[in-house]
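Chemist: can you look at this prediction? I've put the sequence above it.
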Amino acid sequence: MRIRKATAADSLRCAEVHTLARQSMRYLPPLHASAEVLTWMRDVVMARQRVWVAETGGRIVGYAALGGGLLTNLYVEPGYQRRGVGTALLAWVKAAVPGGFSLWTFQPNLDAIRFYERHGFRIVRETDGSANEERVPDQLMHWQPDNSPGRVGGESVEC
């Protein structure tokens, strides 16, 4: 497996990975056609965020996108999950933002929650989902290295 910085040419494959991963999340309503996901990936994610892709045999099987101090997306193609792809992508993001960052995940996504908790994230806020387009309860999680001031698990965290 190889992790590298994404390019605009990776937009289509990242949109496919995104769609495949979300289709496996049965609690999510289908909201966008493939063309809409591709446009969003190309014009928003790739154009405005830092994006890394994971390749196996030259094929993109996962991606991570970072916008400011927020991990906006980390998706792995379902057939490649639980093979270290997400862990490798997350390691690159942690290296890019060593002072800590946050992410949102859906509350029904117990696999993702366990994954992030194993990697040192803590839940800092839960919502009823009324503010996200899926209308699915979600939660804000935060990672901060143990040696950083204000680390999660202490008295408070600013997000």
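Modeler: That came through fine.

Chemist: and the helices in the chain, which stretches?
Modeler: Here the chain has its helices, by DSSP state H, at 11-23, 34-40, 46-48, 85-96, 110-118.

Chemist: helices or strands up against the first one?
Modeler: Same thing as helix 11-23. Here helix 11-23 touches helix 34-40, strand 50-56, strand 59-67, strand 70-76, going by 3 or more Cβ pairs under 8 Å, 6 or more residues apart in numbering; DSSP states H and E. For glycine as for every other residue, the C-beta is placed from the backbone atoms N, C-alpha and C.

Chemist: of all the helices of the chain, which one is nearest Gln144?
Modeler: Smallest distance to Gln144 across those (Cβ to Cβ): 10.2 Å, for helix 85-96.

Chemist: and the closest one, which residues are buried?
Modeler: Residues of helix 85-96 classed as buried: 85-86, 88-90, 92-94 (neighbour count, 16 or more other Cβ atoms under 10 Å).

Chemist: for stretch 65-79, same thing?
Modeler: For stretch 65-79, a neighbour-count test (16+ other Cβ under 10 Å) marks 65-66, 70-77 as buried.

Chemist: so can I have TSV of those residues showing distance to Gly129 and pLDDT?
Modeler: Below are the buried residues of stretch 65-79 laid out as TSV (distance: Cβ to Cβ, whole Å; pLDDT from 0 to 100):
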residue	distance to Gly129	pLDDT
Ala65	21	98
Leu66	23	98
Leu70	18	97
Leu71	19	98
Thr72	17	98
Asn73	18	98
Leu74	19	98
Tyr75	19	98
Val76	23	98
Glu77	25	98
